[in-house]
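**Q** Next comes the sequence, and after it the predicted model I'd like to discuss.
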Amino acid sequence: TPENLDDVVLVIDENRKRVRSANKVPFPGEHQITEDAIEFKIKKDDHTVEYFIDRHTGTFKSKLRYLKGGGADISGRCEKSEVGERKF
């Protein structure tokens, strides 16, 4: 059943080609940052999470897959803001 989730903050480090959390800690795994897309994959013992952001449209997609079956598909829209810029 579809659910609404809380917003996620990602920091895109163009210099090091890494995606970071809101507190600027790099996510583990494989990262690919191009002019058109941002993709990264995190593999854990029992699951894998893949993230994709289209840099032209702001489309966000994520797939969570458990090794024993099951998972979730997540989608949404990204909104760009400058690092350190507060909304409120």
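**A** Looks like it arrived, so ask away.

**Q** could you show me where the strands are in the chain, in order?
**A** Secondary structure of the chain (DSSP state E): strands located at 11-13, 18-20, 30-33, 37-43, 47-54, 59-66, 71-77.

**Q** With respect to Phe88, which of those strands lies nearest?
**A** Among the strands of the chain, the nearest to Phe88 by C-beta to C-beta is strand 11-13 (18.5 Å). Where you see a C-beta, it was placed from the backbone N, CA and C, and this is true even at glycine.

**Q** how far does the closest one sit from the chain's center?
**A** Centroid displacement of strand 11-13 relative to its chain, using C-alpha atoms, centre = their mean, to the nearest Å, is 10 Å.

**Q** do stretch 47-55 as well
**A** For stretch 47-55, the distance to the chain centre is 5 Å (C-alpha atoms, centre = their mean).

**Q** go on, stretch 76-84?
**A** For stretch 76-84, the distance to the chain centre is 12 Å (C-alpha atoms, centre = their mean).

**Q** list the buried ones in it?
**A** Cys78 (16 or more other C-beta atoms under 10 Å).

**Q** same deal with stretch 11-29?
**A** Val11, Ile12, Arg18, Val19, Arg20, Phe27, Gly29.

**Q** Tell me which residue is most central in this structure.
**A** Tyr51 (4.5 Å; C-alpha atoms, centre = their mean).

**Q** Much appreciated, bye for now.
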